[in-house]
Each structure stands twice: as structure tokens, then as C-alpha cells.
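Engineer: Below: sequence and its predicted model.
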Amino acid sequence: MTDIATCNNELRPEYNETSLKNGIRGKYAEQYAAGTNIVRLAPDIAAVFPNDGTVEVLSSPVIGGKSTKRNIKKITRLVSVLATVIFVAGLSACEQLQQMVQPTMSSQACTDGARVLNVGFYAYFSPVSYSANENPASDAFNTHLGYEADLLTVLEAMEGTGLSFVRRPIAVWPDIWLKSAEPEYDIVGGGITILDSRTRDATGNTVITFTSGHIKFRQSLLVRTEDAERFAVHANLTSAVRVGVLPATTGEARLLELTGLVDPNGILVEGTRVETPLGTVVADGTAAYTITAAGTTPNLAGRSHLYRPLESMPQVIYLGDEVGESALLDALAAGMIDAIARGEVGNRDVAQASNSMFAVTALDEQFELGGFTLAVEDAALAACIDEKLNYLTDNRNIGYAEWVADPSVFMRRAQMWNNR
């Protein structure tokens, strides 16, 4: 990203410099010159004519012997263009660059500046949103870290937005997205996949809205490296395989769908056995036994183990209700489960830090977007924050990968905003 404040002559990091080195000087010069008459003008005259079109417009009335209304209109427009050209020509190269990259969106404040927004963040989704210490008794538990934490910090740094946040961790995942409809929170985040079904409460009423999305996800498997080839695709997950999931996540929902344990509506296949705090229940193939990323039928609440009805389907182990996904990682390392079904972002982060102990496999072809949630009554605030997020992410051209490569990328965008 070019830093406009200092005008460094650098490429944006997301561009591949090697692809820009294969140009051939003068490759099309002969084709361009064919049939073209080139006339050299004196320097003082050439300064008035920025291109051949302006020469043609001004000279055609003379050549034609009379001026037409059409040419007079062209000359009038030309005068305006020339005034702009002369003005820009007087700017330094740095100033001209700033003129070209000025943000075009509204600079309207999102609040009156007096309102401090209460943000609830999921405490256990490293590296997207997490607490500095996973122990709720620790003071560091209240410190927000990760990709979304940086976005919120940078939103506060953008001058004129009127945005200020107080952040509090949320330890429980199920229905976390609905908490922004409660008085305690104005905004909730934590790598929450945007789903229309998640905007409604248990009665079916729409109570929250999402920002349009500032991070892209797709689901995957995290496995021990020696099992990477064995579990390369979901089709290889048979009855002997134990897959760990966090309940009420898109990781769980997509695993069940991709392995055929549920239909597209989340209805469990007939004969599926589910262990719950009230005992083992057996799905009958109706909507009375449903699991989706937005919710679960009450009879499946607190599920701990799902047994497949067919040999071609895996077992599903539920962990992490109290300490998040760290319980899943511990179980995988200890051999208690064979794989973890969750987003690629988190899985790759763990794999890279595991000293080759873990590997990422079975990448989903379907992508998801993650956003913040706000109460439906705050739709205007959501739209204003969304506009600022779209600026920071350059309309999703800058995302998680760019942030990992350069954690200051969003703050530099904020500096550009402030220098506009």
C-alpha cells in the first residue's frame, strides 16, 4: 500500500511485482503510428493542448471556414478542461497522487461523538477475535486481540467518524450474534459468518443486522500431519473417524452437510444417534431433529456425541463449550479425535504454529463472509460503520491475508483517510 503521507514510490503489497517486469518498450509503436500524422508544436503552444483531440476541436472551425454551434460547445467544454489541466499541472507529483486516491465516500460521522458503543467480542477465535488470556479470571481476558480487534482500533482512529468503543469478551458461542439486540451490547463480533437465518430470534422476528462482510472464510479440516493424505477430502471420513466440532458453528453445519449427515435444511438423517444431557435420542428423519449454523431443535441442545447411521459417515465429537476451540486442539494433539472441522483461517494459523504437527486438508469450495452484528434498530449506524469498513478493506481487496503480511495495513488506510 502506498503511504500517501510520505509518498513512498512503492507497490501495494497485494500486487505481484514479478508480473510487471515483462513489458516490451515500443511493442505497439509501429501499429500506433500507422496512418497517423504527427505534427510538432512549439513548446508554448503544446502546453495549451493536452492531446490531439483538443487541437482538432479548436482547428476544425478554421478549416471548415465557419464556426458551428457544436464546435462552440466543444470549445466551451475545452476551456473548462484546460483550466483543470493547468491547475493539476501546478501540483507536485505527490499532490497529484493524493488527488487521485482521495476517498469518495461520505465523511459523515456515525455517531454524535458522545455515544460510546459497547462491543462484545468472542474470546476464543484466534487469530480473528480473541482474548489476550483465555482464563476469564485474568485481567488480560478483557484485552481484545486479532484481525477484528485491529479493525475496531483503526475505526476509532479515523477522524470525523465519531466512533469510540468499549470492548467486553463473550465466552459462549451459541447465539452470540443475537446479543447485539440486548441492552448490554451495541455491536458483536467474533468471526461471525453472515447468514440471513442468524438475523432472527427464536420467535422468527428479525432483531439484528449484519455489516456486509470484512473477512472471507471457507471451511476445512485440521488433522495430524501423518493423516493428511488419509483425510484429504470429506468423502474419506468414515465411521471409524472422529471429527471434533464446536457446536452451533458453520464448521459443524458444513461438516454435517458435506458428509451427508443432514440434508440442505439441516435435518438429521434417520437413524442418527445423538448423546445429550437427557440421554440418547435417535433422529427420525423429520424437522424435529435439526442442526443448522443458526440454531438447533431443543431436543439436541447440549449434544456431546453424534453417531452415524451409515458406515460411510463419521462420528462427530462436540467440545469447546467452556474454553472454546483450544479444547478441540488439545483433543487432536492427544489422539482423542482425528480431525477438527472449522474455518481455514483458524486452521492454517494453528498449522503454521504447530512445527509441522498439524496440516490443513479438505478445503470447502463454498466461501463465507464474516461481519459484525448490530440491533436492527441501529441499521443506519450499521450502514455507516460498513461504509468505513469498506474503505479500510478497499472494498474487500485488502483482507486477512494482507493483514497477516502487514498488520499496519489498515492503520495506513486510516492515515490516508485523515489526510484527505
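Structural biologist: Happy to help now that I have it. Numbering: from 1, shown residues only.
Engineer: can you give me the helices in this protein?
Structural biologist: Assigned by DSSP state H, the helices in the chain fall at 29-33, 43-46, 52-64, 69-89, 93-101, 147-157, 250-258, 326-334, 344-353, 379-392, 400-405, 409-418.
Engineer: ok, how many other residues are close to Leu363?
Structural biologist: The local packing of Leu363 (other Cβ atoms under 10 Å) involves 13 other residues. Placement of C-beta: from N, CA and C, glycine included.
Engineer: Surely it touches Ser220?
Structural biologist: Yes. With contact defined as Cβ atoms under 8 Å, Leu363 counts as touching Ser220 (5.1 Å).
Engineer: Quick check: closest non-adjacent residue to Met357.
Structural biologist: Thr225 (6.3 Å; Cβ to Cβ, 6 or more residues apart in numbering).
Engineer: With Ala333 as the reference, measure out to that neighbour.
Structural biologist: 12 Å (Cβ to Cβ, to the nearest Å).
Engineer: Just the pLDDT at the residue nearest to Met357, thanks.
Structural biologist: Listed pLDDT for Thr225 reads 98.
Engineer: intersection of neighbour lists for Leu363 and Ser220?
Structural biologist: Glu344 (Cβ atoms under 8 Å, 6 or more residues apart in numbering).
Engineer: quick one, what contacts Met357?
Structural biologist: Counted by Cβ under 8 Å, 6+ apart, Met357 has contacts 224-225, 333.
Engineer: OK, contacts around the residue nearest to Val245 when sequence neighbours are not counted?
Structural biologist: Take Val245 and drop its neighbours on the chain: the residue closest to it by Cβ to Cβ, 6+ apart is Glu252, 4.1 Å away. For Glu252, the contact set (Cβ under 8 Å, 6+ apart) comprises 245-246, 291, 293, 316, 341.
Engineer: Of those, which pair is most distant in space?
Structural biologist: Ala293 and Val316 (14.4 Å; Cβ to Cβ).
Engineer: neighbour count winner among the two?
Structural biologist: Val316 (28 against 21).
Engineer: Now do the spatially closest residue to the more buried one that is not a sequence neighbour: how many residues are near it, please.
Structural biologist: Nearest residue to Val316, sequence neighbours excluded (Cβ to Cβ, 6+ apart): Leu306, at 3.9 Å. By other Cβ under 10 Å, 25 other residues sit near Leu306.
Engineer: doesn't Thr272 make contact with Leu306?
Structural biologist: Yes. Counting by Cβ under 8 Å, Thr272 is a contact partner of Leu306 at 6.4 Å.
Engineer: Which residues are in contact with each of the two?
Structural biologist: Joint contacts of Leu306 and Thr272 (Cβ under 8 Å, 6+ apart) are Leu261.
Engineer: per-domain residue ranges of the chain.
Structural biologist: 29-101, 117-216+369-418, 218-367 (automatic domain parsing).
Engineer: Ala109: which of these is closest?
Structural biologist: domain 117-216+369-418 (3.6 Å).
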